[in-house]
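> For reference, the sequence and a predicted model appear below.
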Amino acid sequence: MDRAELAAVLRTARARIKPADVGLPAGPRRQVPGLRREEVAQLAGLGVDYVIRLEQGRGPRPSVQVLRALARALRLSDDDRDMLFRLAGSAPPQAGRVPMLVRPSVHRLLDRLSDLPALVLSAKSDVLAWNPLATALFGDFSELPSVRRNLIRERFLGDGVGRIALSPDSDSAADCVACLRTAQANYPQDPDLTRLVNDLRAGSPRFDNLWLSGRSGRLRAGSTAITHPELGTLTLDCDILLEPEADQTVLVYSAEAGTPEASALKLLRVTGLEQFTY
């Protein structure tokens with residue numbers, strides 16, 4: 001492990017990311033270029049003290065899980081991610097694992113979708129990236145522990161307080177389980193995916209029954225009910241864009257012009273985004 005060089009790489013990567021790039025408020029008195037250490041820790045689901053020690057070259061050797069979280073939070077390219085792993089004394093991610101890094105071009109796509117909420121999901125339904133309007137609609141995903149940023153886990157094992165109405169008994173639940181079975185067939189050696197499936201089968205009889213049906217499938221476009229604390233329940237169209245090289249999907253939420261949902265999204269572009277800007 002090259003602690004000094006690892007610290008320099010982390011500091012440089014943090015400095016080149018603007019808060020708006022990751023859906024965070026800029027704040028009125030920002031004194032550092034790029035993200036604050038607290039914001040990196042929040043996005044990666046790590047303790048602030050831990051991030052500080054890594055950046056000062058005095059932290060312990062980070063685990064593979066920590067390195068993956070930092071690479072996602074800092075939007076590292078594949079090459080930069082591999083360098084991060086090597087500097088930390090670990091082998092870069094192997095083939096056969098679910099891709100968890102979002103390509104820079106996809107991040108740029110999210111930035112361009114400024115008037116529609118959009119999320120990027122991994123092959124096993126982890127929420128990997130989101131734009132500011134998605135933050136205004138769904139809440140700040142960076143405030144959730146990384147384990148809770150998985151839509152299938154939240155559907156079957158969540159506490160039911162999330163804004164997305166994901167019932168384990170709805171018709172779309174079977175499609176979600178089928179997607180996860182497809183992911184397992186594509187990535188049979190991925191330990192995080194295996195752990196997720198085992199947790200779901202042990203914790204949810206409904207998931208286990210659907211899993212035993214043996215169906216495979218993919219995410220499908222449809223409508224989604226979202227409960228917003230100020231705007232109430234909104235039923236939005238959810239369209240799916242595929243990023244085949246990384247086996248990821250972009251979910252884009254919209255509403256037909258002239259509907260109450262369209263008016264609510266228009267209002268959210270003003271009031272919701274202001275909440276996360278100041």
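Yes, it's here.

> so the spatially closest residue to residue 220 that is not a sequence neighbour, which of the three states?
Nearest residue to residue 220 in three dimensions, chain neighbours excluded: residue 175, at 5.9 Å (CB to CB, 6 or more residues apart in numbering). Yep, even glycine has a C-beta here, placed from its N, CA and C like the rest. Here residue 175 is recorded as helix under DSSP: H, G, I helix; E, B strand; the rest coil.

> burial of residue 175, as a residue count?
Neighbour count for residue 175, taken as other CB atoms under 10 Å: 17.

> Would you mind writing the CA trace of the lengthiest strand in the chain as PDB?
Criterion DSSP state E: the longest strand present in the chain is strand 232-243. As requested, C-alpha coordinates have been extracted for strand 232-243 and formatted as PDB (Å, rounded to 0.1, in the frame of the first residue of the first chain):
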ATOM      1  CA  GLY A 232     -48.600  14.000  -2.300                       C
ATOM      2  CA  THR A 233     -48.800  10.800  -4.400                       C
ATOM      3  CA  LEU A 234     -47.700  11.200  -8.000                       C
ATOM      4  CA  THR A 235     -48.100   8.400 -10.600                       C
ATOM      5  CA  LEU A 236     -45.300   9.000 -13.100                       C
ATOM      6  CA  ASP A 237     -44.300   7.200 -16.300                       C
ATOM      7  CA  CYS A 238     -40.900   5.400 -15.900                       C
ATOM      8  CA  ASP A 239     -39.000   4.800 -19.100                       C
ATOM      9  CA  ILE A 240     -35.800   2.700 -19.300                       C
ATOM     10  CA  LEU A 241     -32.600   3.500 -21.200                       C
ATOM     11  CA  LEU A 242     -30.100   0.700 -21.500                       C
ATOM     12  CA  GLU A 243     -26.300   1.100 -21.100                       C
END
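
> That strand pairs with which strands, parallel or anti?
With DSSP bridges as the test, strand 232-243 is paired with strand 222-228 (antiparallel), strand 248-254 (antiparallel).

> List of residues touching the first one?
What it means is strand 222-228. The contact list for strand 222-228 (CB atoms under 8 Å, 6 or more residues apart in numbering) reads 137-138, 163-165, 172, 233-238, 253, 264, 268.

> on that earlier part again, report the buried residues of the longest strand of the chain.
234, 236, 238, 243 (16 or more other CB atoms under 10 Å).

> Max pairwise distance over the residues you listed: which two?
The span of those, defined through CB to CB, is set by 234 and 243 at 25.9 Å.

> picking up where we left off before, what is the nearest of the contacts of strand 222-228 to residue 108?
Closest to residue 108 out of the contacts of strand 222-228 is residue 253 (19.1 Å), distances taken as CB to CB.
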